[in-house]
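Asks: Show me the folded form of this:
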Amino acid sequence: MSGHPKKHHFVPQFLLRRFADSAGRLVVHKVLEQRQYQSTVTNLAHRNFGHTLYWPGREPDHVTLEAAMAEIEGDAATAVRELAERRSRTVPGDVQVALAWFLALQWHRSRFLMYLIAQETDANSRGFSAQQIQTSLLGQVSAHVINPWSLRNDSVRPKDRWNFLVSILLGTDMHWSCYRPQGGGLIVSDNIVCFSGPAVPPPAGVPRGFFDHGIGAGLDGFQRVTVPLGNDLALIITRDSGEARRLNTAVLNRFTIFNSREFVAHAPGWTGAHPKLAEDLPTWFEIQRMVAPAFMQNYGTHGVM
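Replies: This is a model prediction of the structure:
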């Protein structure tokens, strides 16, 4: 066990570095607590052996999923570098593909999502250990993301290369563009796949703002996905071809906070560099702390995955 890194990141370090200072430091805001602290890229957004598989009668497998996820992350890192070096709002097709699979990985391996599934299936009360629950849930990540991704270029049945979120993101009704705020100012959270807005009018009595917290619309019913990819770069994937030009840094940061479940982070010098944006944070955190208990199911209070 000592020969394998124990910190398994569910937000990859290559991405966190794009929000950190030159020393890799980040200021972290806890979502459900009115406190903040300083951390580092290495020490944030991970679980000790969080991607380890535990099988009866075998040694724990610390390598298989970490290696497979690293390949998807590697493609994504290359795609993000390409976007960062460009000046265009356009997102090339091959970059869209690489990032769509990466977003699917981020969504499926979300520790909050894994916690919700465990709660809904009542796994703990059925006598399953934490290791058994983790192995089962990671099996879903493998089945729905890693295996289809590994077959994406092979001559196999289309259904074997299929992922629901990838299919939606790469669909003809979704419009991809880069957002590049002059001077930066974007922040990151434990959940970079930020859903907002319903694609159709919400049910009577449900405020539209409710959907900006990444819940309610379903994976096929959201208006847009915003993805912070660095202090000065984000993706906007929307059903409205003209919407990207109407969004700004403050709005994207609000979506990031509302979709967070554990933390929000930025570089130590961010507040001084962006005082107006910093003024908005307490308001967005206050709203998130009021709304989140309705769907968090005690996440972070009665345990996390």
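
Asks: quick check, distance from the strand ranked longest in the chain to the centre of its chain.
Replies: Longest strand of the chain, by residue count under DSSP state E: strand 222-230. Between the centre of strand 222-230 and the centre of its chain there are 9 Å (CA atoms, centre = their mean, to the nearest Å).

Asks: Next, the buried residues of it.
Replies: 222-230 (16 or more other CB atoms under 10 Å). Just so you know, the C-beta spots here come from the backbone N, C-alpha and C atoms, and that holds for glycine as well.

Asks: Tell me the one among these nearest to residue 254.
Replies: residue 226 (9.6 Å; CB to CB).

Asks: Let's see the pLDDT reported for that closest one.
Replies: The score at residue 226 is 98. That number is its pLDDT.

Asks: Which residues are in contact with it?
Replies: Neighbouring residues of residue 226 by CB atoms under 8 Å, 6 or more residues apart in numbering: 179, 194, 196, 234-237, 247, 252, 255-256.

Asks: Mind checking the pLDDT average for the helix or strand where residue 14 lies?
Replies: Using DSSP states H and E, residue 14 maps to helix 13-16. The average pLDDT within helix 13-16 is 98.

Asks: Residue 45 versus the residue nearest to residue 65 when sequence neighbours are not counted, what's the distance?
Replies: Nearest non-adjacent residue to residue 65, counting by CB to CB, 6 or more residues apart in numbering: residue 51, 4.4 Å away. Using CB to CB, to the nearest Å, residue 51 is found at 13 Å from residue 45.

Asks: Which one's more surrounded, the two?
Replies: residue 45 (26 against 22; other CB atoms under 10 Å).

Asks: returning to what we had before: strands paired with the longest strand of the chain, and their directions?
Replies: Strands that pair with strand 222-230, judged by DSSP bridges, come out as strand 194-198 (antiparallel), strand 233-238 (antiparallel).

Asks: which residues in the stretch 1-150 of the chain form strands?
Replies: 7-9, 25-30, 36-40, 46-48 (DSSP state E, counting those that start in this stretch).

Asks: hmm, who's touching the third one?
Replies: Residues from elsewhere that reach strand 36-40, judged by CB under 8 Å, 6+ apart: 20, 24-30, 265, 268.

Asks: hmm, 10 Å instead?
Replies: 13, 16, 20-21, 23-30, 45, 263-265, 268, 281, 285 (CB atoms under 10 Å, 6 or more residues apart in numbering).

Asks: quick one: average pLDDT of it?
Replies: Strand 36-40 shows a mean pLDDT of 97 in the predicted model.

Asks: Same question for the first one.
Replies: Summarised as a single mean, pLDDT over strand 7-9 is 97.

Asks: Repeat that for the last one.
Replies: Mean pLDDT, computed over strand 46-48, is 96.

Asks: Could you name the helices and strands sitting against it?
Replies: Contacts defined by 3 or more CB pairs under 10 Å, 6 or more residues apart in numbering; DSSP states H and E place strand 46-48 against strand 7-9, helix 111-120.

Asks: next one: the first one
Replies: Under the contact criterion of 3+ CB pairs under 10 Å, 6+ apart, the helices and strands touching strand 7-9 comprise helix 13-16, strand 46-48, helix 64-85.

Asks: And the contacts of that strand?
Replies: 13, 15-16, 41-52, 62, 65-66, 69-70, 73, 109.

Asks: in that strand, what's buried?
Replies: Buried residues in strand 7-9, counted by 16+ other CB under 10 Å: 8-9.

Asks: So what does the residue lying closest to residue 152 once chain neighbours are set aside have for phi and psi?
Replies: Residue nearest to residue 152 in three dimensions, not counting chain neighbours: residue 161, with 5.0 Å by CB to CB, 6+ apart. Note on residue 161: backbone dihedrals following degrees, to the nearest 10 are phi -110, psi 10.

Asks: Could you do residue 274 as well?
Replies: Dihedral angles (degrees, to the nearest 10) for residue 274: phi -130, psi 60.
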